[in-house]
Each structure stands twice: as C-alpha cells, then as structure tokens.
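> model this:
(one chain, ligands or ions: 1)
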Amino acid sequence: MVRDVHCIIGASGQLGTELALGLKRAGEQLVLMDIKQPVYPELLDLPFEMIDVCERGGLADRLGAHRVTHVYHLAAALSARGEQDPQWAWNLNMKGLLNVLDIAHAMPGIRQVFWPSSIAVFGPGSGPIAAQSGHRLPATVYGISKNVGEHWCAWYHQNRNVDVRSVRYPGLVGSLAPPGGGTTDYAVEVFDHIGEGLPYRCFLEAGEVLPMMHMGDAVEAALGLMAAPRSALRCAEAYNIQAMSFSPEELFLEIRRHAPDFAFECIPDFRQDIAAGWPDGLEDSMARADWGWAPKVDLPALVASMMEARLSRLPLNA
Ligand SMILES: NC(=O)c1ccc[n+]([C@@H]2O[C@H](COP(=O)([O-])OP(=O)(O)OC[C@H]3O[C@@H](n4cnc5c(N)ncnc54)[C@H](O)[C@@H]3O)[C@@H](O)[C@H]2O)c1
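Numbers count the residues shown, from 1 in each chain. Predicted structure coming up:
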C-alpha cells in the first residue's frame, strides 16, 4: 500500500509548527514547506522545501517529487497585517489557495487538502453567536479573502472533485511559535511579558470578548476533520468550531491566579476595530455531529499550559 505523505505549506508559522509536531509524533511521513526555515528543534530533521506558494511551477514540482497525498495549506496574511498591506494580503491569500486547489485537481496523487478559514468571515451583522450559515459580510481584507476562499473551496469540490476541507478557526493560543500578525495575538504575546515588572500593554479593549482556542485543540480539529469520511461531511464551505470565549480582562485575571504581581493596561489601537466586528462565539453543532468535534481545553487549562510552557522555553521572539 502507498504510504500517506503529508505536506504543510506555511509550516514555520504559529499553527504550522504545532501541526507539524502533531503529525510527526503520530508517526506520519511529513514534508514541510515555507519561505522561512523552521526553527523548532524537533522539526529540524524533517524534509524542508523553501517554497513560495504563489509560485505554481515550483510548488507543483516539489509536491510531485515528494509524492504528497495530503496538503495542509496554512500560508496566509493574517488580519492585522492584511489591513496594513491589502494588495500583498489579497495576492498571497487568493493566489496561494488557487494554486493549491488547482494543483490538487491536476495531481490525482493529492487526495485531500486542508485549508483554514477564520472567524473573520463574519462581520458586523453576524450577531454575537455566529451561526454555521450566518450572515457573512467581512469588514477586513483578510476576512474577505477567507470568505471568497471558502467559496473557491466549495467550487473546487463540486466542480473539480477536489476533497478540500476547512474550519473557521477562532484566535489560536500556543507556546511553540510566535503569532503572525493577527488581531488575537495579544493572548499569546502576553505570556512573554509576565514577570517583566512593567504592565503588559494590550491593544484590545479589556472587555472585548472573542472566540479563542488552545493550539492543541486546533491541531486536533485539523486532524479530526481530515480523518472523517467524506460522506459524513455536509458542509461544503468551512465548519464553525468553538472552544471558549474570553476577553483580555478575563485572560489577564486568570494569569494573575498564577502570577499575582502581573499587571496590565488596555490601550486599544486599530485592531480593536477589527475585533469589534467579530462575533463573541460560534455555533458549532454541525462540526460536533458530522466529525465529532469536541474541544478539550478551557480558559483555566489554557493558561496553565501556557504558564508551564513559559518555564521551559525561550521567549517566542528570541
Ligand atoms: N493564528 C490564528 O489565530 C488563526 C486564526 C484563524 C485562522 N488562522 C489561519 O491559520 C493559518 C495559519 O496561521 P498562522 O497563525 O500559523 O500564521 P503565521 O503567520 O504564523 O504562519 C504563516 C506561515 O506562512 C508562511 N508564508 C508566508 N508567505 C508564504 C508564501 N508566499 N509561501 C509559503 N509560505 C509562506 C510564513 O513564513 C509563516 O511561517 C492561516 O491560514 C490563518 O489564516 C489562524
């Protein structure tokens, strides 16, 4: 039997690092691709290709050479950086996805594609708890690209028979790699400021509630959705998945249970406007019913895991 070969595009990023580790520890054959070298020590012995996902020829060549069967396409411009450079964000997010979907159609050896969407597909008008088929009028370049990307995924599935699967991730919190320019980055960065002596300065309002998820659950979501039988999946676009919702203040008060001297101040910048357009939570019953989505980590467990990780590693941006 031909062995599955998993390829992560955008493997050196926040999610890619943790997904790569998850697949490696599960004993899967793995190829990493990015425009940045991986830095996490446990990933350095894996095959790595310096590939720009926007360069179709080179991407197709290396996917073919490694006989890749499963692609996880994670390379993207995130919400805050996307607002600052809309042309770059649109080009990367759209061209990269269309290259991957087109190559997956042209190469029968590629059996499945995972591409993450985001809560950013929702916007003002989606309501505090966004329904699976809720109103989607995104207010950011990033959100527009994810919304259109979902439609492209559905089109390639229906018209080109590409088995592409997607979830709408909330803000992700993990300890192995720094965040890449999103609106929820504060919830990762704050852990590097504990014990500094100065108050941590948060760029969102203290009470801004957003849906959030521990990276362990985010990796489980990708692997769980990819493992599901296609026939069980009713959603042609991206599944809502919910783990927990919290505000900066709720996160910081939980941190204070571990570090009583921890101080913070909230001085909102342009990212508050982005966050204000996103829902507080997602209604995810379809994901739970179709492929057994069941998050494990709540806010106290998330903070405990991040505090423990802090003690055993260098600062994320070192
Ligand atoms: N992190 C979150 O909170 C979050 C939330 C919702 C959805 N997502 C989605 O998950 C995916 C991964 O996000 P992340 O947080 O790991 O992002 P990230 O910015 O940390 O990582 C992206 C990686 O893509 C690489 N990359 C950039 N341009 C590239 C190119 N042209 N070719 C190849 N590689 C390139 C970068 O070097 C980086 O290593 C993205 O699609 C993102 O939209 C993330």
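> tell me the contacts of the residue of the stretch 1-150 of the chain found nearest the ligand?
Residue nearest to the ligand within the stretch 1-150 of the chain: residue 13 (1.9 Å; Cβ to the nearest ligand atom). Where you see a C-beta, it was placed from the backbone N, CA and C, and this is true even at glycine. Going by Cβ atoms under 8 Å, 6 or more residues apart in numbering, residue 13 touches 34, 74-75, 177, 180.
> do the same with residue 181
With contacts taken as Cβ under 8 Å, 6+ apart, residue 181 has the following neighbours: 77-82.
> just name the closest of those to residue 228, please.
Using Cβ to Cβ, residue 78 is the member of the contacts of residue 181 that lies nearest residue 228, at 26.6 Å.
> please report the distance of the closest one from residue 171.
Using Cβ to Cβ, to the nearest Å, one obtains 10 Å as the distance from residue 78 to residue 171.
> what's the overlap in contacts for the two?
With contacts taken as Cβ under 8 Å, 6+ apart, the residues that reach both residue 78 and residue 171 are 182-183.
> assign a three-state SS to the residue in the stretch 151-300 of the chain that the ligand sits nearest to, would you?
Among residues of the stretch 151-300 of the chain, the one nearest the ligand by Cβ to the nearest ligand atom turns out to be residue 180. It sits 2.0 Å away. On the three-state scheme (DSSP: H, G, I helix; E, B strand; the rest coil), residue 180 is labelled coil.
> OK, contacts around it?
The neighbours of residue 180, taking Cβ under 8 Å, 6+ apart as the test, are 13-14, 78, 81.
> same deal with residue 306?
Residue 306 makes contact with 173, 175, 188, 191 under the criterion Cβ under 8 Å, 6+ apart.
> that older thread, tell me how far the residue of the stretch 1-150 of the chain closest to the ligand lies from residue 304.
As defined by Cβ to Cβ, residue 13 lies at a distance of 24 Å from residue 304.
> quick check: residue 42 vs residue 204, distance?
Taken as Cβ to Cβ, the spacing of residue 42 relative to residue 204 amounts to 32 Å.
> and for residue 244?
16 Å.
> quick one, which of these two is more surrounded?
Looking at residue 244 and residue 204 with other Cβ atoms under 10 Å, you find the greater number of neighbours at residue 204, namely 25 against 21.
> any idea how far the nearest residue in space to residue 291 that is not next to it in sequence is from residue 163?
Using Cβ to Cβ, 6 or more residues apart in numbering and skipping the chain neighbours, the partner closest in space to residue 291 is residue 228 (3.7 Å). Distance, residue 228 to residue 163, by Cβ to Cβ: 11 Å.
> shaky segments in the stretch 1-150 of the chain?
Within the stretch 1-150 of the chain, the stretches with pLDDT under 70 are 1.
> how about the residues of it by the ligand?
9-10, 12-16, 34-36, 51-54, 74-76, 78, 92, 116, 118 (Cβ under 6 Å from any ligand atom).
> from these, which would you call buried?
Members of those that pass the buried threshold by neighbour count (16 or more other Cβ atoms under 10 Å) are listed as 9-10, 12-16, 34, 51-54, 74-76, 78, 92, 116, 118.
> for residue 237, which non-adjacent residue is spatially closest?
Spatial nearest neighbour of residue 237, chain neighbours left out: residue 150 (4.1 Å); criterion: Cβ to Cβ, 6+ apart.
> residues near that neighbour, how many?
The local packing of residue 150 (other Cβ under 10 Å) involves 23 other residues.
> would you check that it makes contact with residue 238?
Yes: using Cβ atoms under 8 Å, residue 150 is in contact with residue 238, at 5.0 Å.
> can you pull the alpha-carbon coordinates of the helix or strand encompassing residue 17 into PDB?
Secondary structure assigned from DSSP states H and E places residue 17 in helix 14-25. Output in PDB follows, covering the C-alpha atoms of helix 14-25 (Å, rounded to 0.1, in the frame of the first residue of the first chain):
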ATOM      1  CA  GLN A  14       2.300  29.500  14.600                       C
ATOM      2  CA  LEU A  15      -0.100  26.800  13.600                       C
ATOM      3  CA  GLY A  16       2.200  25.000  11.200                       C
ATOM      4  CA  THR A  17       4.800  24.400  13.900                       C
ATOM      5  CA  GLU A  18       2.300  22.700  16.200                       C
ATOM      6  CA  LEU A  19       0.600  20.800  13.400                       C
ATOM      7  CA  ALA A  20       4.000  19.500  12.100                       C
ATOM      8  CA  LEU A  21       4.800  18.300  15.600                       C
ATOM      9  CA  GLY A  22       1.400  16.600  16.000                       C
ATOM     10  CA  LEU A  23       1.800  14.800  12.600                       C
ATOM     11  CA  LYS A  24       5.400  13.900  13.400                       C
ATOM     12  CA  ARG A  25       4.600  12.500  16.800                       C
END
